[in-house]
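Undergrad: Have a look at this prediction, sequence included:
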Amino acid sequence: MDKVFFYGADVCPFAYRVRLALSEKKINHEYVPVDLENKPDWFMEISPEGDVPILKYGDEIVWESNIINEFLEDAFPDIPLLPLNPVERSHARILIEYGNKKFQPCFCDLVFEPLESKHEAIRVKLHESFKYLDQELGKRPQGPYWLGENISLVDLTLYPFMEQAPVLAHYRDFELPGPDSLPHLHAWIATMKNRPSVQENTRDIEFYIEAYEYFVA
Ligand SMILES: N[C@@H](CCC(=O)N[C@@H](CS)C(=O)NCC(=O)O)C(=O)O
């Protein structure tokens, strides 16, 4: 089998998606942490956008967190993280698409927007997005994961931002509403926190607060 190298950074929520997939699929790999504040030349040579995460499979490079996770799904199908039924697969991808195109850009806008005068409008949008996720999850009462009893790429795509959300309270005055307001989301977050893949890779909020200084500067 071709050797798998994973280039990431513990602070990066996109890299976290891939760490979770590697762990869930029990893929033997070598993790190479990259210092984002001082990216080495060898890394810039292999990373098309200068971003983590990057996966090296044999001599080939794969990039973009969700594309990497889909690649892992194709190359290592033994422990699946997408449903086998094509319709259910497409529905999973619609949720992933929402996470990528609506929820996560809003989260990142709040992190990266330097003008305080613009923060309130983004906070409102982000609250709406968390509410939308909670309502969507509520329509899937079978649980405990997004697609039912099995963890999937949907969980892995969204969870890293849940773990890092308290950073927004520290830097951007954004409080994640509690279980009264987001009951389904909080129940799912609690389930994820117990997952061995999360426990192997989780970092505490103090770590994120310090590491995010680089992003919010
Ligand atoms: N769309 C990319 C986003 C990756 C991304 O933004 N990575 C950040 C770290 S979280 C990065 O490497 N930034 C380069 C830098 O900080 O110079 C993905 O999903 O993989």
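TA: Here it is on my side, so go on.
Undergrad: Any residue of the helix or strand bottoming out on mean pLDDT in the chain touching the ligand?
TA: Of all helical and strand segments in the chain, the minimum by mean pLDDT, DSSP states H and E falls on helix 205-216, at a mean of 94. No. Helix 205-216 is not in contact with the ligand by CB under 6 Å from any ligand atom; minimum separation 7.2 Å. Every residue, glycine included, has its C-beta placed from N, CA and C.
Undergrad: ok, residues contacting that helix?
TA: 10-11, 36-37, 111-112, 163-164, 166-167, 170-172 (CB atoms under 8 Å, 6 or more residues apart in numbering).
Undergrad: Next one: Pro86 from the ligand, what distance?
TA: Distance, Pro86 to the ligand, by CB to the nearest ligand atom, to the nearest Å: 24 Å.
Undergrad: And for Ala190?
TA: 25 Å.
Undergrad: That residue: neighbour count?
TA: Applying other CB atoms under 10 Å, we find 11 residues neighbouring Ala190.
Undergrad: so where does it fall, helix or strand?
TA: Secondary structure assigned from DSSP states H and E places Ala190 in helix 183-193.
Undergrad: cool, Tyr31 as well?
TA: Judged by DSSP H and E, Tyr31 forms part of strand 30-33.
Undergrad: mind saving the C-alpha coords of that strand as PDB?
TA: The C-alpha coordinates for strand 30-33 follow below in PDB (Å, rounded to 0.1, in the frame of the first residue of the first chain):
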ATOM      1  CA  GLU A  30       2.400   9.900   9.300                       C
ATOM      2  CA  TYR A  31       1.200  13.300  10.600                       C
ATOM      3  CA  VAL A  32       3.600  16.100   9.700                       C
ATOM      4  CA  PRO A  33       2.600  19.300  11.600                       C
END
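Undergrad: Within the sheet, what are the partner strands of it, with directions?
TA: With DSSP bridges as the test, strand 30-33 is paired with strand 4-8 (parallel).
Undergrad: Tell me if the strand it pairs with is near the ligand.
TA: No. Strand 4-8 does not reach the ligand (CB under 6 Å from any ligand atom); its nearest approach is 8.7 Å.
Undergrad: next one: stretch 149-160 to chain centre, how far?
TA: Mean-position distance between stretch 149-160 and its chain equals 9 Å (CA atoms, centre = their mean, to the nearest Å).
Undergrad: Same question for stretch 21-37.
TA: Distance of stretch 21-37 from the chain centroid (CA atoms, centre = their mean) equals 14 Å.
Undergrad: before we move on, back to that, what's next to the strand holding Tyr31, contact-wise?
TA: With contact meaning CB under 8 Å, 6+ apart, strand 30-33 is reached by Lys3, Val4, Phe5, Phe6, Tyr7, Gly8, Ala9, Asp10, Arg19.
Undergrad: which helices and strands does the helix holding Ala190 pack with?
TA: For helix 183-193, the packing partners by 3 or more CB pairs under 8 Å, 6 or more residues apart in numbering; DSSP states H and E come out as helix 119-138, helix 153-164.
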